[in-house]
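Asker: Structure here, sequence nowhere to be found:
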């Protein structure tokens, strides 16, 4: 049997029950015709659609005849019989009861209030029923959402977002921070072999014609360090210098510095090591001859290790004498002075013809 068939049977049973209740509350001896009598009336009103949390009014017209008994019913429960309240629900109350109208109201409507309501009226001439179906609309609410997760790069990830509401909400996923094209029009978002570029904040949206609900999930992707290639630097003897080691890693990397095969410790040999986040620096305050050479920076986290090499080399500051002598004169000692004198004589001989013209 389809939904309409069930509804028809339910309505007939409810209408019959309502008339039986009217019969029970009528004074003994008052003639009442059955629902099958030609003089009985059954009226079906249009459905009433109300949002969850709102107030609904159920109005039953008495239509002129002398009314002897009235009752409002919800399925198998009696809400009101005349002015007498039978329902224990404090949200239900009587608004109007006279020869023209019998109205009750239900406040803060919920899903449990949805269904068929029947107003049964006994007049001096015939019984009558008026039925109305209440449809409750419910804004979407996300009821089951994946927790924030931390995974290793390359893992398969599935995000879940389930919601309820009426009408049934549609659910979708998208990557919002950093923004990207990863999205899904489903309760589930599949991310095979997740990469570090897919880490971030994912947004689940549940929406129907009433409202929408939005919640987020953060994915952290762990990956091994990747170290930027080291940049060699030149420093003059006695001056300061800095080697910088930069590593991209989640979780953040731990750093170690080596000169050749010897590990360097902070505060020893006139050096300072400072490691913060993605950057580690090795600082020399007063470079000596023994500081020149090859250095290695090693970045490590629980997923792996990476390293890069640096060369700290000597830079010789130019002087007035080296500008004329060239680099070789600095290394020649006393012999360099003789060489400079000979060079000056040759230069003078070469320039002599030009000088004699003036």
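Answerer: Looks like it arrived, so ask away. Keep in mind the model is a prediction, meaning the values are calculated, not measured.

Asker: Now do the same for residue 125: helix, strand or coil?
Answerer: Assigned with DSSP: H, G, I helix; E, B strand; the rest coil, residue 125 falls in the coil class.

Asker: Just the pLDDT for the residue nearest to residue 223 when sequence neighbours are not counted.
Answerer: In space, and not counting its chain neighbours, residue 223 is closest to residue 153: 4.1 Å by C-beta to C-beta, 6 or more residues apart in numbering. Yep, even glycine has a C-beta here, placed from its N, CA and C like the rest. Looking at residue 153, its pLDDT is 97.

Asker: Now stretch 153-160: buried residues?
Answerer: Going by neighbour count (16 or more other C-beta atoms under 10 Å), the buried part of stretch 153-160 is 153, 157, 159, 160.

Asker: Tell me which of those residues fall in strands.
Answerer: 157, 159, 160 (DSSP state E).

Asker: Go ahead and confirm the second one touches residue 191.
Answerer: Yes - counting by C-beta atoms under 8 Å, a contact exists between residue 159 and residue 191, whose distance comes to 7.5 Å.

Asker: coming back round to it: from residue 215, how far off is the residue nearest to residue 223?
Answerer: Using C-beta to C-beta, to the nearest Å, we find residue 153 at a distance of 25 Å from residue 215.

Asker: Distance of residue 152 relative to residue 222?
Answerer: To residue 222, residue 152 is 5 Å away according to C-beta to C-beta.

Asker: any shared contact partners between those two?
Answerer: Residues touching both residue 152 and residue 222 (C-beta atoms under 8 Å, 6 or more residues apart in numbering) are residue 303.

Asker: Please enumerate the shared neighbours of residue 159 and residue 191.
Answerer: When contacts are counted by C-beta under 8 Å, 6+ apart, residue 159 and residue 191 are jointly contacted by residue 219.

Asker: How about the contacts made by the residue nearest to residue 223?
Answerer: Going by C-beta under 8 Å, 6+ apart, residue 153 touches 194, 195, 196, 221, 222, 223, 303.

Asker: which of those residues count as buried?
Answerer: Buried members of the contacts of residue 153, scored by 16+ other C-beta under 10 Å, are 194, 221, 222, 223.

Asker: pretty sure the second one is touching residue 249, no?
Answerer: The reference is to residue 221. No - judged on C-beta under 8 Å, residue 221 makes no contact with residue 249 at a distance of 11.2 Å.

Asker: what is the mean pLDDT for stretch 181-199?
Answerer: Throughout stretch 181-199, pLDDT has a mean value of 92.

Asker: Residue numbering should commence at 55 henceforth.
Answerer: Got it, first residue is 55 now, which makes that one stretch 235-253.

Asker: List the buried residues in that stretch.
Answerer: 238, 241, 243, 245, 248, 252, 253.

Asker: do stretch 322-336 as well
Answerer: Using 16+ other C-beta under 10 Å as the test for burial, stretch 322-336 gives 325, 327, 329, 332, 334, 335, 336.

Asker: Low-confidence regions, the stretch 155-304 of the chain specifically.
Answerer: Within the stretch 155-304 of the chain, no range satisfies pLDDT under 70.

Asker: again with the stretch 305-412 of the chain
Answerer: Scanning the stretch 305-412 of the chain for pLDDT under 70 picks out 373-412.

Asker: change it to 90
Answerer: Residues of the stretch 305-412 of the chain meeting the criterion pLDDT under 90: 321-324, 371-412.

Asker: Grab the most central residue of this protein for me.
Answerer: Taking C-alpha atoms, centre = their mean as the criterion, residue 270 is the residue nearest the geometric centre of the chain, at 1.8 Å.

Asker: Now name the helix or strand holding that residue.
Answerer: Element membership for residue 270 (DSSP states H and E) is strand 266-281.

Asker: So which elements touch that strand?
Answerer: strand 181-199, strand 203-206, strand 211-220, strand 254-261, strand 295-304, strand 347-355, strand 358-368 (3 or more C-beta pairs under 8 Å, 6 or more residues apart in numbering; DSSP states H and E).

Asker: please redo it, this time with the cut-off set to 6 Å
Answerer: Judged by 3 or more C-beta pairs under 6 Å, 6 or more residues apart in numbering; DSSP states H and E, strand 266-281 is in contact with strand 181-199, strand 203-206, strand 254-261, strand 295-304, strand 347-355, strand 358-368.

Asker: What residues sit buried inside it?
Answerer: Per 16+ other C-beta under 10 Å, strand 266-281 contains these buried residues: 267, 271, 273, 275, 276, 277, 278, 279, 281.

Asker: Closest one of the ones in strands among the buried residues of stretch 207-214 to residue 183?
Answerer: Nearest to residue 183 among these is residue 214, at 47.2 Å by C-beta to C-beta.

Asker: mind listing what the residue nearest to the closest one when sequence neighbours are not counted touches?
Answerer: Spatial nearest neighbour of residue 214, chain neighbours left out: residue 200 (5.0 Å); criterion: C-beta to C-beta, 6+ apart. By C-beta atoms under 6 Å, 6 or more residues apart in numbering, residue 200 lies in contact with 213, 214, 271.
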